[in-house]
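A.B. asks: need coordinates for the following:
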Amino acid sequence: MSTASNLKDLIELLNDGEKFYSEAATKVKTPAYANLFQRMAQQKQAIASDLSARLAAYGETAPQGGTMLGSLRKLYADVRASMTKDNESVYVGQLEQTEDRILEAFRDELTQSEDMELRRIAERHYPDLKRTHDEMRDLKRRLAA
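C.D. replies: Numbering: from 1, shown residues only. Take a look at the predicted model:
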């Protein structure tokens, strides 16, 4: 796979996360969760913007949408959340899975990308992505307890 293709895939994953977090923030009842989800949506948007600048160096434009799997996850979470009183745990569970996908993709770029600049970008953002992943994992565990 080419570096431009990898960049587009990463941007689409981040777009999935940004849209999913933004929507979930409007649907949960707890203000602290809404604020957390908005912060995480902004993080995804900022990282996608950083990757878009790198993609522009290849003469390509960043995708505006996300992945099919991301759309299906969001739809699934919306349907499940509408059928339960505890919609926060439904969203947190699905968002944590989205974090898993993003973290894995960035880990792959850190170890496999032949583009040193892409590796640097992945290395720069990986600690923040790991932190947000762990935050969602811990929140999911607290809600399940």
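A.B. asks: which of the helices and strands in this structure ranks last by mean pLDDT?
C.D. replies: None of the helices or strands of the chain scores lower by mean pLDDT, DSSP states H and E than helix 68-82, at a mean of 61.
A.B. asks: for this structure, longest helix please?
C.D. replies: helix 116-144 (DSSP state H).
A.B. asks: so the residue nearest the centre of the chain is in which element?
C.D. replies: The centre of the chain sits closest to residue 17, judged by CA atoms, centre = their mean, with a distance of 3.2 Å. Assigned by DSSP states H and E, residue 17 belongs to helix 3-27.
A.B. asks: ok now the helix or strand just after that helix, how far from the chain's centre?
C.D. replies: Downstream of helix 3-27, the next assigned helix or strand under DSSP H and E is helix 31-56. Distance of helix 31-56 from the chain centroid (CA atoms, centre = their mean, to the nearest Å) equals 8 Å.
A.B. asks: go through helix 31-56 and flag the buried ones.
C.D. replies: 33-34, 36-37, 40-41, 43-45, 47-48, 51-52, 54-55 (16 or more other CB atoms under 10 Å). To be clear about C-beta, it is placed using only N, CA and C from the backbone, and glycine gets the same treatment.
A.B. asks: any idea of the mean pLDDT for it?
C.D. replies: Averaging pLDDT along helix 31-56 yields 94.
A.B. asks: returning to that earlier point: closest one of the buried residues of helix 31-56 to residue 126?
C.D. replies: The nearest member of the buried residues of helix 31-56 to residue 126, counting by CB to CB, is residue 47 at 10.1 Å.
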